[in-house]
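A.B. asks: Predicted coordinates and the sequence they were generated for:
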Amino acid sequence: MSDTLRIAAFDIGTNKIVGAVAERTDDGHLSILAIEEKKKKNGIVNKGIIINVGEVVFNITSIIRKLQNIANTKIHNIYVSISNEKGYNTDEWEKLVLELASRGVKSHILDRMDCMADSLMSAAEKEIGCLLIDSGASCTSFILRTNNEPDIRGIVQLGGNNITKDLTYLELKYDDAEKLKTKLGSAKPDKLLRPNARIILEKSTNVNEAKYTTPLKLSEMILDRVKDIYCRFLDPLKKQDKLSKPGRSIILVGGASYLNNLPEWISDQTGLSVKIEDKFSFAESPNYVNIYNAKYACLISLLNNAIEDCRKKDEELENTKKAKSSFWKKTKGLIEDGMTSIFGNDQYN
C-alpha cells in the first residue's frame with residue numbers, strides 16, 4: 001500500500017448523496033481523484049433524518065462502485081456526514097452503519113459543522129471569531145467558533161427548498177420555481193425596480209391570459225423566507241453581542257448560499273464581512289473534476305479530516321462476514337442433506 005493516504009467520504013443531503021475519493025500527503029495537501037453524486041427520490045432523507053435506509057444504502061454502494069472504477073481503488077472505509085447532526089441519534093442511522101458493514105464497508109461518522117470549521121476557517125478567523133453558516137436544501141446550520149469561547153451552534157429546519165416551495169404558489173411546477181429562483185431571485189429587493197415590469201411565467205397567444213408576476217413580488221416572497229430562516233439565529237446572536245466584536249467574519253457554504261445577493265443581505269444585517277467559501281485552497285483536482293463549489297464544502301472537509309485509508313479492510317468486519325458465510329454454507333449443507341435423505345428414499349418416489 002502506498003504511503004500516500006487514500007480516503008473516501010460521503011455527504012448525505014436532502015436532494016442527493018455525494019461521494020469522493022482523494023489522496024492526502026503528509027504535508028496535508030489534498031488531491032481529489034473522483035467525485036460522484038446521485039440524486040435521491042423524495043422522502044428518502046428529510047431534514048437530515050434518514051427515512052428509507054435501504055435506498056440510502058443502495059445509493060452509497062452504487063456511488064462506491066463508480067468511484068472504485070474511476071479512481072482504480074478499493075473502498076472499504078468511508079467517512080460520512082449528514083445535513084443535520086441530530087440524524088446520527090436515530091435507529092435509522094444505526095441501521096445504515098450496520099447495513100454498510102454487512103457489505104464490507106466501515107463507516108466513520110464525523111460531525112459536519114466541526115469538520116467544516118476545522119478545515120475552512122483560518123487560524124486568524126478562529127482566534128478572532130468566525131460564524132460558519134451551512135445553507136442546505138432543507139436545513140440551515142451554523143457554528144460560531146473562537147479560540148477563547150465555547151462554540152455556539154444550532155440548526156434551523158428550513159433551507160433553500162422552502163424558498164422554492166414558496167414560489168410554487170405562483171402556480172409554477174417545482175422545477176420551474178427552482179429555475180426562477182436561481183435566475184431572477186434575490187435576497188435584496190432592487191430599489192430601482194420598475195413598478196410596471198413583468199416576469200412572464202407562462203406564455204399565451206392572448207397577452208391578457210399570460211401568467212406573470214412582478215420583480216417586486218418575487219423579491220418580497222424570497223426576502224420573507226430569507227428573514228424567516230436567517231434571522232432565527234442572527235437576531236439572537238446580535239442580542240448576545242456575539243457579532244459586534246471587531247474583525248469577526250462570516251463564511252457561507254452549501255448550495256443554497258448562492259442565492260443572489262444573500263452574502264450582501266447578511267452583511268447588511270450583521271455589519272460583518274461575508275464570503276462564500278468555494279475555493280478550497282488546500283485541495284486540488286483534475287480539470288475534469290470540478291470541486292470548487294460551496295455545495296462540496298462538507299465533502300472536502302470530511303476528506304481533509306479523514307485519517308484511515310479507504311483501502312484498509314476492517315478485520316472485525318471480515319470476521320463477521322466470514323462467520324455469516326460459514327453459517328449459511330453449513331445451513332445450506334444441512335438443508336441439502338435433508339432433501340437428499342427425503343427424496344432419495346424409495347418410499348417417496
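C.D. replies: Yep, that arrived.
A.B. asks: Can you verify residue 133 is assigned to a strand?
C.D. replies: Yes. Under DSSP: H, G, I helix; E, B strand; the rest coil, residue 133 falls within a strand.
A.B. asks: Hmm, residue 253 and it touching each other?
C.D. replies: Yes. The pair residue 133 and residue 253 qualifies as a contact (C-beta atoms under 8 Å) at a distance of 7.3 Å. All C-beta atoms are positioned from the backbone trio N, CA, C, and that covers glycine.
A.B. asks: phi, psi of the nearest residue to residue 70 once chain neighbours are set aside?
C.D. replies: Closest residue to residue 70 apart from its sequence neighbours, by C-beta to C-beta, 6 or more residues apart in numbering: residue 34 at 4.0 Å. Residue 34 has phi and psi values of phi -160, psi 150 when expressed as degrees, to the nearest 10.
A.B. asks: what stretches of this structure score poorly on pLDDT?
C.D. replies: In the prediction, the chain carries residues with pLDDT under 70 at positions 1-3, 83-89, 190-196, 203-210, 316-349.
A.B. asks: That one: helices as residue ranges?
C.D. replies: For the chain, the helices defined by DSSP state H cover 53-71, 91-102, 112-120, 123-128, 160-167, 174-184, 215-239, 262-270, 297-305, 315-343.
A.B. asks: Report the buried residues of the third one.
C.D. replies: Applying a neighbour-count criterion of 16 or more other C-beta atoms under 10 Å, one finds 112, 113, 114, 115, 116, 117, 119, 120 buried in helix 112-120.
A.B. asks: Could you single out the nearest of those to residue 286?
C.D. replies: Here the nearest of those to residue 286, counting by C-beta to C-beta, is residue 119; it sits at 20.9 Å.
A.B. asks: so the closest one touches residue 304, yeah?
C.D. replies: Yes. Between residue 119 and residue 304 a contact is recorded at 4.5 Å, counting by C-beta under 8 Å.
A.B. asks: shared neighbours of these two, anything?
C.D. replies: residue 282 (C-beta atoms under 8 Å, 6 or more residues apart in numbering).
A.B. asks: so how far is residue 312 from the residue nearest to residue 70?
C.D. replies: Spatial separation of residue 34 from residue 312 under the definition C-beta to C-beta, to the nearest Å is 19 Å.
A.B. asks: More neighbours: these two, which one.
C.D. replies: Higher neighbour count among residue 34 and residue 312: residue 34, with 22 against 13, using other C-beta atoms under 10 Å.
A.B. asks: The more buried one and residue 62, how far apart?
C.D. replies: Plainly put, residue 34 is 14 Å away from residue 62 if you go by C-beta to C-beta.
A.B. asks: same thing with residue 41?
C.D. replies: For residue 41 relative to residue 62 (C-beta to C-beta), the value is 13 Å.
A.B. asks: neighbour-wise, which of these two wins?
C.D. replies: For residue 41 against residue 62, the residue with the higher neighbour count under other C-beta under 10 Å is residue 62, and the figures read 14 against 9.
A.B. asks: Report how many residues lie close to the residue lying closest to residue 307 once chain neighbours are set aside.
C.D. replies: With C-beta to C-beta, 6+ apart as the measure, residue 5 is the residue that lies nearest to residue 307, at 7.7 Å, once sequence neighbours are left out. For residue 5, the tally of surrounding residues (other C-beta under 10 Å) stands at 19.
A.B. asks: Would you mind naming the residues that bridge with residue 5?
C.D. replies: Each beta-bridge partner of residue 5 is listed here: residue 24, as defined by DSSP bridges.
A.B. asks: List the contacts of it.
C.D. replies: 23, 24, 25, 306, 307, 309.
A.B. asks: Mind doing that once more with 7 Å?
C.D. replies: With contacts defined as C-beta atoms under 7 Å, 6 or more residues apart in numbering, the neighbours of residue 5 are 23, 24, 309.
A.B. asks: Surely the last one and residue 8 touch.
C.D. replies: Looking back up the chat, that one is residue 309. No. Counting by C-beta atoms under 7 Å, residue 309 stays clear of residue 8, with 9.3 Å between them.
A.B. asks: more crowded one of these two?
C.D. replies: Comparing residue 309 with residue 8 by other C-beta under 10 Å, the one with more neighbours is residue 8, at 32 against 19.
A.B. asks: Skipping its backbone neighbours, what lies nearest that one in space?
C.D. replies: Leaving aside its chain neighbours, residue 8 sits nearest to residue 310 (4.0 Å; criterion: C-beta to C-beta, 6+ apart).
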